[in-house]
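Engineer: Okay, sequence plus prediction incoming.
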Amino acid sequence: MTPEPDYQQQLRTAENAARRQQEAESRRRSASCGVWAAGLIGVPLLAFVAFFIWAQVDPAPPNPQVEFVVNCESRVKTALKAPSTAKISNAFQDGIHTTASGYSWTGAVDAQNSFGAQIRTSFWCHGPAQAPIIEFAQ
């Protein structure tokens, strides 16, 4: 009768060892999934943060000609009766010239007058990029 309890004890020991091995394998798989999840979330997050740090550290230098054109177009529209209808000629196709006081651009604007008629008007924009002067042709 002694062999029977010994056999049951060996069976329990083997079952416990198998259970421990399954638990260890399960923990390894869980840890592996955690590493993958951290990688899938962490790598894009790190790239996103690095991009914004790089963008703030090395901003593109402002282009004074673009600033000149933007300020000229703004001043032209401010002088119109119906600025929402304005179609201003392309400064870079018309030609921007460098002068002693800054820049010069002769362009045209199509816009509605106070009667609603579409009219083309020539203008001359000149001066520094930050504060150009607008003169309309008569």
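Structural biologist: Received it, and whenever you're ready, just let me know what you need.

Engineer: the strands in the chain, which residues?
Structural biologist: 87-88, 96-99, 102-112, 118-127, 133-136 (DSSP state E).

Engineer: Comparing those strands, which comes out most buried?
Structural biologist: Most buried of those, by mean neighbour count (mean count of other CB atoms under 10 Å): strand 102-112, with a mean of 18. No exception for glycine: its C-beta is placed from N, CA and C like everyone else's.

Engineer: So which elements touch that strand?
Structural biologist: With contacts taken as 3 or more CB pairs under 8 Å, 6 or more residues apart in numbering; DSSP states H and E, strand 102-112 sits against helix 64-79, strand 87-88, helix 91-94, strand 96-99, strand 118-127.

Engineer: among the ones you listed, where is the model least confident on average?
Structural biologist: Ranked by mean pLDDT, those end with helix 91-94 at the bottom, a mean of 90.

Engineer: Domain-wise, how is this structure divided?
Structural biologist: Domain assignment for the chain by automatic domain parsing gives 1-59, 64-136.

Engineer: weakest of these in terms of mean pLDDT?
Structural biologist: Ranked by mean pLDDT, the domains of the chain bottom out at domain 1-59, which scores a mean of 73.

Engineer: about what we covered before: distance to Ala18 for the helices and strands packed on strand 102-112 - can I get that in CSV?
Structural biologist: Formatted as CSV, the helices and strands packed on strand 102-112 follow (distance: least, CB to CB, whole Å):
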stretch, distance to Ala18
helix 64-79, 73
strand 87-88, 81
helix 91-94, 78
strand 96-99, 82
strand 118-127, 86
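
Engineer: quick one: which of these is nearest Asp6?
Structural biologist: Comparing those against Asp6 with CB to CB, the closest turns out to be helix 64-79 (91.1 Å).
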